[in-house]
Structure formats: structure tokens, C-alpha cells
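Undergrad: Test case, fold it:
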Amino acid sequence: MALKSINVSNTSIATARRENLVYVDKTMFIPQIESGAGSNAIVFLRPRRFGKTFLADTLDCYYDKSLSGKFDANFEGTWIHSHKTPKASSYCCLRFDFSPVLPDTSLVEESFARRIALGIMAFSRRYPSLSLSKDEIKSNLHLPPSELISLFLSTFALQAENGEKIYLIIDEYDHFANDILSNNAEAFVNITSTAQNHKGFIKSFYAALKQYFGQDDDSKPIAKFFITGVSAVSLDSLTSGFNIATNISDLPGFNSMVGFTHDELSKIVDEAVDFSVLKPLTKAELMDVMEKNFDGYVFSKYSRERIFNTTMCLSFLNRLILTRSVQDVYKNNNLNDDAGKIKGIMKLAPADVQQKITECVFKRESIPAEEPGTLNLNASREFSEYQVIWMLAYLGYLTIEPAGETPRSMLNYRCPNEAIYRTFVACISAPGDKEISGAPALGQSLQKGDIAELVTEVEKSVASLPSAAFSGFNERSLQLRFYYLIIQSPFTGSLEPILEADTGDHGRADLYVKNSSGGPDMLFEFKYLSKTKANDQAVASEKAVAKEQLSRYCNSPKFKGKKNLEAWAVVFAGPKAAAVERV
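TA: Numbers count the residues shown, from 1 in each chain. All right, here's what the predicted structure looks like:
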């Protein structure tokens, strides 16, 4: 059987079916969406890159009357094709995609209005007799978004003479707003609040939609809403502007509506990957790599099932197929701008809260918090500890620990996987840490268990720091220097460096380097002394502490009896390695 192709950027069910792309059937969720927890206005939130746009397209194709002739082509072979609901192909679907809206505060309202105009134009091509003409749309682009959508909806209501109703699908309702929020909280308030001379165009837009919503009211054209987004902060900040929506995001029945379950990803691997050209890599090894790096998301306190990030998995598999190498696991996973987003959200909390969350994530510890509540920035310009945790979870940087692992009166949050952990680490790294790189032969030396060149490269990188940087240099700074030198140097794809490696009750090792090239695995414990405090006695004392810690780690259940393991105590005095000893 021919292998299926992967198209990471595809968001169309029609394209996926027509071009024989890998496809995960999620149509069994459609009846659940229809029931909608007793609501016709549904909000469904997930982090970026989970497949929300594909879901929105699937609903558009399923419910839109004008696409009924393509129903079999789009859905034949899917679950819903043999379980078709009475409401299939029964609405005029109006769809807005707000993901391209520019977050520039001087352009955001105009950009938002243009996305509305594009959605109306697409609707007009399907239903020219029920909509504004192209000239009417163009001539009214100067209107505020609320007036533009009101003009369209009132026109539809006047011209719909046969009981036609709109199913309004809004995709990524808050994409631009979250970008604004992470950079300028006051600018966010300006677009979501109408109080105190704020423009509040978003609040006005959703208030206008609310006026035209009514399933059983013939004078109101909108019968149903389906809104996707990332966080509740924008809707919460709208308050009464749009209080008709029901958020189904944390209901256990929708935990896996987007993203991949383990079985779904396993099927994709079977359909798309030819292991005969990847030997000696096995499917089990590949799944293990993806579980560590892209799995781990839980969206309901009642659910035990962990979910994989859709785009991260597909990007990785696509690169694997093209390069025939599993080594570049962190490349092409679109995480470059995430460190900045994390920093922006953290700045909304007091400094002590930022420090607490950062420490817990870095040490791979759980973070307790109450269940998610209101995130209304119009009521307060600063987030509480819990609100920051909730926001980080909405964005996919933290996730709920699965049901059964914590008391339900409180939730525990944690970093979901290694890819996101690395992004968090980038947030706490000193300027220049991530840009350092070692000599070309460094990776090859480490594969053999030779750390001499690594130590030398760290000495060079620390010595190159400006004198002002040394005032804040500490053990963690040293730890991160070793970490980044390993992951940034050539030929280190077979080396997996793990910060704060858990050894159970025996503590956490500063750095564990798993070596799949045949050489030894390596454990490191680092100590740092400033130049002013460094002397022979202090170095000996710190080395003794490091050796005792390493002895405990090596006797932990995780490492005890492991033959191919080397443990290293490393003590730096200023920019120089004062002691490097294998334990």
C-alpha cells in the first residue's frame, strides 16, 4: 500500500481526502458539538498548533448547505458518514479566521475589519442573494467592525425568506489579542473594554453578534456559534459583551477532539513512515522520542489520556521522512517565538510569583493551583499566581496532571514535555547562552565519553562574558552553559541532555546526558565559586559535596547497576574549571 503524504500546513478536510494526506478522523465529536452541553454558542479552547483550524473547516464542510454536493467526497469513510445527523448541510456557514489579524496596536482594528470583510466575501460567493455585494463590502470597509457585521447580518435577515439560518464559525478569536497581551497589557484592555475612553472594538463586535443570535427567533439570523481560541482571557475581559457562550474546553468528552492520541499517532506513523530506509530506527523508538517531546497534554481534570501536539508531531515526522534522521528533533517545530510569549505572560504577575513558577518548571516540579476561574484584565491589570498558571496552561506551556494523581480540590500543573521545557529554559537563560556553540569535534568527543573539550569550551564561553555579567553568574548559569553547548554543537544528535534529571527520592542531577551512539551516558553535578571566594579548601569542599550527590544519584533505582554510566563532579572558580573528577 502506498504511503500517505504529510502536509504540515494543510487545514482543509477536502484537501486531505482528495490528496491522500494523513488524516485522523475526529468526526465522531460532531454529535457532541451539536448537543453542546445544552448551548448553541460553543467556545472551544486549545493551545496553538493543535488542529483547531482543521476542526473549524470540518464543521464548515459538514454543516454548510452549499457544500452538500461534496459531502460524500469530504466524508466518505469517516465515522460521521455512516452516522449523519439531521442538521448536516442545513445552515449557511459564515466563517471568520482571525489568526492573521495584525497585533500592531495602530493597525489591529483595520486588520480585524478586513478579516470580517474577507469572511463576508466568501459567504457572498456561496450565497450571493443573501449577502452584501462585493462593492457594498468595499464601500463599507471604513466602518467599525461592529457596524460592518451589523450591516451584513441585517441584510441577511431581510433577504432570508426561506428560513435560512447562519452557523457562525470563528477560528482563533484571540490569536492577535494574546500577542498584544504578552507585550502590552494596557493595549489589550483598550481593545476589549469600552470603559474609561477605551475603544473596545472587540467588545462592541461581539456585543453586535449577540444581538443577532437566536435559534428559534426568525428575526435573528445566527442560529449557532462555534468559536475556537487559545485562552479565556479575551472572552472573560468582554464580560457582558458576550456572555451567551458555553466553554466546553475542560469537559472530559472533548479532551481529544483535537491533537493526537497515542493510537491515532501510531496509525499516522504506520501510514506515512517507511522504516526500511530508517534502519536501525524502530517504530517503538520513534514513538518514544515523540512521547518525550510532543506528548503530555491533558485538558480536563477528569481525564487520564495525554494528547500529542498535532503540528509538532507532523513537522517532526515530515523532517524525519525528508532527512532520514531522528536527530534534529527540535528543528522546525515553530517554537522560536514562544519564549518571548512566556516572558510576556509572566510579566503580568508579581516578581515573587514569576520566580516561584520559574523554579518549579526548571526543577520539573508540579505547581499547585485552584481550578481555572476568571481572567478579566479589565478588572485588574495584574494577574494573581493562579491566573498566570492558568494562562500558561491555556497557551500550552503548562498542563494539568492527569486525573488520579492529585486531589481534585486543587489541580497540579506541570510542563508537558521536553520541547516545551527547553522553551522555558530559554526564558531563564542569560543573554548569549543560547548563541554559544562549540567546536565541530565536540559532539564526536562527547559520544565517546570524553568531556575534556566540553569543559574547555565552557571555560572559553564563560571567560568571554563581560565583567558585569559575572555579578549574577552562579551554579545555574554554569549548568545552562554546559547544556547549551551540548545541544548547539554539531554532531550531538545522538546525545540527549536532560536538565534536573529526576532520580526519585535521591534528588535531581544537574545534568544527565543520554548517549545513544554506543558511548557512555554521563551524569554531571556542578558547583560554582566566584573568584573572590575560590581557594583550595573551598574547591575541595564543593567537590566533596558534588561527589556525595553523584554517589546518591548513581545508587538510585534509575541508575543503580547501569554499567555504561560515568558521573562527573565539576567545580568552577570564576571562568576556570578548578576541579573535574570522575566519581
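Undergrad: only C-alpha atoms for contact and neighbour calcs from this point on.
TA: Fine.
Undergrad: Can you pull the poorly scored residue ranges out of this protein?
TA: 1, 36, 194-199, 237-241, 328-336, 375-381, 403-409, 429-440, 469, 490-493 (pLDDT under 70).
Undergrad: Now for the spatially most central residue of it: which residues touch it?
TA: Most central in the chain under C-alpha atoms, centre = their mean is residue 396, positioned 3.9 Å from the mean C-alpha point. By C-alpha atoms under 8 Å, 6 or more residues apart in numbering, the contact set of residue 396 is 46-48, 297, 416.
Undergrad: Do you have the strands of the stretch 151-300 of the chain handy? List them.
TA: Counting by DSSP state E, counting those that start in this stretch, the segments of the stretch 151-300 of the chain that form strands are 166-171, 222-229, 246-247.
Undergrad: will you turn the ones you listed into JSON lines that also has distance to residue 385?
TA: Shown next, in JSON lines, are those (distance: least, C-alpha to C-alpha, whole Å):
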{"stretch": "strand 166-171", "distance to residue 385": "29"}
{"stretch": "strand 222-229", "distance to residue 385": "22"}
{"stretch": "strand 246-247", "distance to residue 385": "22"}
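Undergrad: Same list, the ones you listed, but as a markdown table with distance to residue 6 and mean neighbour count please.
TA: What follows is the strands of the stretch 151-300 of the chain, written out as a markdown table (distance: least, C-alpha to C-alpha, whole Å; neighbours: other C-alpha atoms under 10 Å):
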| stretch | distance to residue 6 | mean neighbour count |
| --- | --- | --- |
| strand 166-171 | 23 | 23 |
| strand 222-229 | 24 | 24 |
| strand 246-247 | 32 | 18 |
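Undergrad: out of those strands, nearest to residue 14?
TA: strand 166-171 (17.4 Å; C-alpha to C-alpha).
Undergrad: what's the distance between that closest one and the middle of its chain?
TA: Taking C-alpha atoms, centre = their mean, to the nearest Å, one finds strand 166-171 lying 24 Å from the centre of the chain it belongs to.
Undergrad: what pairs with it, and is each one parallel or antiparallel?
TA: When pairing is defined by DSSP bridges, strand 166-171 lines up against strand 92-97 (parallel), strand 222-229 (parallel).
Undergrad: Adding distance to residue 548, write these out as a markdown table.
TA: Output for the strands paired with strand 166-171, formatted as a markdown table (distance: least, C-alpha to C-alpha, whole Å):
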| stretch | distance to residue 548 |
| --- | --- |
| strand 92-97 | 57 |
| strand 222-229 | 49 |
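Undergrad: coming back round to it: tell me which of the strands of the stretch 151-300 of the chain sits nearest to residue 40.
TA: Comparing those by C-alpha to C-alpha, strand 222-229 comes nearest, at 4.9 Å.
Undergrad: so which of the strands paired with strand 166-171 gets nearest residue 445?
TA: Nearest to residue 445, of all those, is strand 222-229, at 46.6 Å by C-alpha to C-alpha.
Undergrad: Could I get the full set of helices for the stretch 101-250 of the chain?
TA: Taking DSSP state H, counting those that start in this stretch, the helices of the stretch 101-250 of the chain run over residues 108-126, 134-139, 145-159, 175-183, 185-192, 201-211, 233-238.
Undergrad: Out of those, which is the most enclosed?
TA: helix 233-238 (a mean of 23; mean count of other C-alpha atoms under 10 Å).
Undergrad: quick one: residue 462 from residue 568, how far?
TA: 19 Å (C-alpha to C-alpha, to the nearest Å).
Undergrad: Then residue 344?
TA: Residue 344 is 37 Å from residue 568, by C-alpha to C-alpha.
Undergrad: Equivalent analysis for residue 468, please.
TA: 29 Å.
Undergrad: before we move on, the earlier item: which one, of the helices of the stretch 101-250 of the chain, ends up nearest to residue 522?
TA: Closest among the helices of the stretch 101-250 of the chain, using C-alpha to C-alpha: helix 175-183, at 38.3 Å.
Undergrad: Show me the contact partners of the closest one.
TA: Contacts for helix 175-183 (C-alpha under 8 Å, 6+ apart): 98-105, 187-188, 229-230, 234, 341-345.
Undergrad: Can you flag which of the residues you listed belong to strands?
TA: Among these, the members falling in strands are residue 229 (criterion: DSSP state E).
Undergrad: Filter the contacts of helix 175-183 down to the buried ones.
TA: Taking 16 or more other C-alpha atoms under 10 Å as the criterion, what is buried in the contacts of helix 175-183 is 98-99, 101-103, 105, 188, 229-230, 234, 341-345.
Undergrad: from those residues, which is closest to residue 37?
TA: Using C-alpha to C-alpha, these come closest to residue 37 at residue 229, 18.1 Å.
Undergrad: Spatially nearest residue to the closest one (excluding sequence neighbours)?
TA: Spatial nearest neighbour of residue 229, chain neighbours left out: residue 172 (4.3 Å); criterion: C-alpha to C-alpha, 6 or more residues apart in numbering.
Undergrad: My guess is the one you found contacts residue 228. True?
TA: Yes - proximity of residue 172 to residue 228 meets the contact threshold set by C-alpha atoms under 8 Å, at 5.3 Å.
Undergrad: Mutual contacts of these two, please.
TA: Contacts common to residue 172 and residue 228, judged by C-alpha under 8 Å, 6+ apart, are residue 52.
Undergrad: Residue 370 is nearest to which of the strands paired with strand 166-171?
TA: strand 222-229 (22.0 Å).
Undergrad: picking up where we left off before, ok, residue 468 and residue 568, which is more surrounded?
TA: Shown here are residue 468 and residue 568; by other C-alpha atoms under 10 Å, residue 568 has more neighbours (21 against 8).
Undergrad: Surely the more buried one and residue 554 touch.
TA: No - using C-alpha under 8 Å, residue 568 is not in contact with residue 554; the gap is 11.1 Å.
Undergrad: quick one, what contacts residue 346?
TA: 354, 388.
Undergrad: Begin at 315 from now on, thanks
TA: Yes, from this point I'll number from 315; that puts the last item at residue 660.
Undergrad: I'd like the distance between residue 838 and residue 813.
TA: For residue 838, the distance to residue 813 - C-alpha to C-alpha - is 10 Å.
Undergrad: Find the residues that touch each one of those two.
TA: Joint contacts of residue 838 and residue 813 (C-alpha under 8 Å, 6+ apart) are 823-826.
Undergrad: For the host helix or strand of residue 629, enumerate the helices and strands it packs against.
TA: Under the criterion of DSSP states H and E, residue 629 resides in helix 624-637. Identification of packing neighbours for helix 624-637 by 3 or more C-alpha pairs under 8 Å, 6 or more residues apart in numbering; DSSP states H and E yields helix 597-608.
Undergrad: ok and the helix it packs on relative to helix 624-637, angle-wise?
TA: 130 degrees (axes from the mean of the first three to the mean of the last three C-alpha atoms, to 10 degrees).
Undergrad: Just to check, residue 444 is in contact with residue 476?
TA: No - Residue 444 lies out of contact with residue 476 (C-alpha under 8 Å); the separation is 10.7 Å.
Undergrad: Comparing these two, which residue is more hemmed in?
TA: A direct count of neighbours by other C-alpha under 10 Å for residue 444 and residue 476 places residue 444 higher, at 20 against 6.
Undergrad: residues contacting that one?
TA: Contacts of residue 444 (C-alpha under 8 Å, 6+ apart): 438, 469-470, 473-474.
Undergrad: If we use 10 Å, what do you get?
TA: Going by C-alpha atoms under 10 Å, 6 or more residues apart in numbering, residue 444 touches 406, 437-438, 466-467, 469-475, 478.
Undergrad: Give me the domain ranges for this protein.
TA: Following automatic domain parsing, one gets these domains for the chain: 338-386+404-568, 576-637, 652-733, 756-896.
Undergrad: need those in JSON lines with distance to residue 324, can you?
TA: What follows is those, written out as JSON lines (distance: least, C-alpha to C-alpha, whole Å):
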{"stretch": "domain 338-386+404-568", "distance to residue 324": "8"}
{"stretch": "domain 576-637", "distance to residue 324": "10"}
{"stretch": "domain 652-733", "distance to residue 324": "21"}
{"stretch": "domain 756-896", "distance to residue 324": "29"}
